[in-house]
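Visitor: mind looking at a prediction? Sequence and model below.
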Amino acid sequence: MDRREKIIQIIQRSEKPISASTLAKQLGVSRQIIVGDVALIRASGTHIIATPRGYVLDDNKEDTLYTIAVHHQKKDLIDELYTIVDLGGYIIDVIVEHPIYGQLCGKLHLSSRYDVDQFIKKININDAKPLSELTDGLHLHTIKCLNNETFERIKEALNQKGYLFTK
């Protein structure tokens with residue numbers, strides 16, 4: 001089995017995102033070699049996604065994808081994300097419409113409070129601003145849900161909290 005096959009296998013078996021540094025240590029190569037290998041794996045058609053916490057396979061199971069528009073202040077970010085994951089949503093990304101650059105998308109891949117906490121921690125450590133700050137809090141999320149009922153529960157909860165954009 002070659003190194004690229006091993007990379008795919010390690011990512012498939014991991015229950016959480018796995019970083020390029022971790023893969024490099026396991027395979028005895030540099031991080032840059034892993035980054036290059038992942039690029040070649042992607043080019044061959046395998047859908048590996050780079051998240052803030054590491055690589056994951058986009059297996060696109062039988063879940064359904066939905067897009068939701070939300071609007072809130074930065075102080076409500078963690079509550080919005082918790083609401084979605086607590087009700088069974090998997091947050092794939094955040095999308096904003098920038099007046100100069102058009103649509104900007106940031107991959108999130110958040111499925112639990114732990115994932116949300118790690119995302120918020122990264123924002124704080126890097127003194128970064130969420131993409132939604134570019135649009136005064138208005139943004140979209142692509143959410144993967146097991147079924148429409150799950151999505152409707154998420155929408156209702158966000159609406160009750162005043163986060164759902166309905167104008």
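Guide: Cool, got the structure.

Visitor: mind listing the strands in this protein by residue range?
Guide: Here the chain has its strands, by DSSP state E, at 48-51, 54-57, 64-71, 90-98, 102-110, 138-145.

Visitor: out of the ones you listed, which comes closest to residue 158?
Guide: For these, proximity to residue 158 was assessed by CB to CB; strand 64-71 is nearest, at 6.1 Å. To be clear about C-beta, it is placed using only N, CA and C from the backbone, and glycine gets the same treatment.

Visitor: list the buried residues for that closest one?
Guide: Buried residues in strand 64-71, counted by 16 or more other CB atoms under 10 Å: 66, 68, 70, 71.

Visitor: low-confidence ranges, this protein, go.
Guide: Across the chain, the ranges flagged by pLDDT under 70 are 59-63, 167.

Visitor: before we move on, back to that, tabulate the strands of the chain in TSV, adding columns for distance to residue 33.
Guide: Listed next are the strands of the chain as TSV, based on distance: least, CB to CB, whole Å:
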stretch	distance to residue 33
strand 48-51	15
strand 54-57	14
strand 64-71	33
strand 90-98	28
strand 102-110	22
strand 138-145	31
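
Visitor: quick one, which of these is nearest to residue 9?
Guide: So among the strands of the chain, strand 54-57 is nearest, using CB to CB, at 10.4 Å.

Visitor: what helices and strands are in contact with the closest one?
Guide: If you count contacts as 3 or more CB pairs under 8 Å, 6 or more residues apart in numbering; DSSP states H and E, strand 54-57 packs onto helix 3-13, helix 20-27, strand 48-51.

Visitor: ok, now with 7 Å
Guide: In terms of contacts (3 or more CB pairs under 7 Å, 6 or more residues apart in numbering; DSSP states H and E), strand 54-57 is packed against helix 3-13, strand 48-51.

Visitor: tell me the most buried of those?
Guide: strand 48-51 (a mean of 17; mean count of other CB atoms under 10 Å).

Visitor: just the CA trace of that strand, in PDB.
Guide: Listed next in PDB are the C-alpha coordinates belonging to strand 48-51 (Å, rounded to 0.1, in the frame of the first residue of the first chain):
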ATOM      1  CA  ILE A  48     -10.900  15.200   1.200                       C
ATOM      2  CA  ILE A  49     -11.900  18.400   2.900                       C
ATOM      3  CA  ALA A  50      -9.500  20.600   5.000                       C
ATOM      4  CA  THR A  51     -11.200  21.900   8.100                       C
END
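
Visitor: what strands line up against it, and which way round?
Guide: strand 54-57 (antiparallel) (DSSP bridges).

Visitor: which parts of the strand it pairs with are buried?
Guide: By neighbour count on 16+ other CB under 10 Å, the buried set for strand 54-57 is 54, 55, 56.
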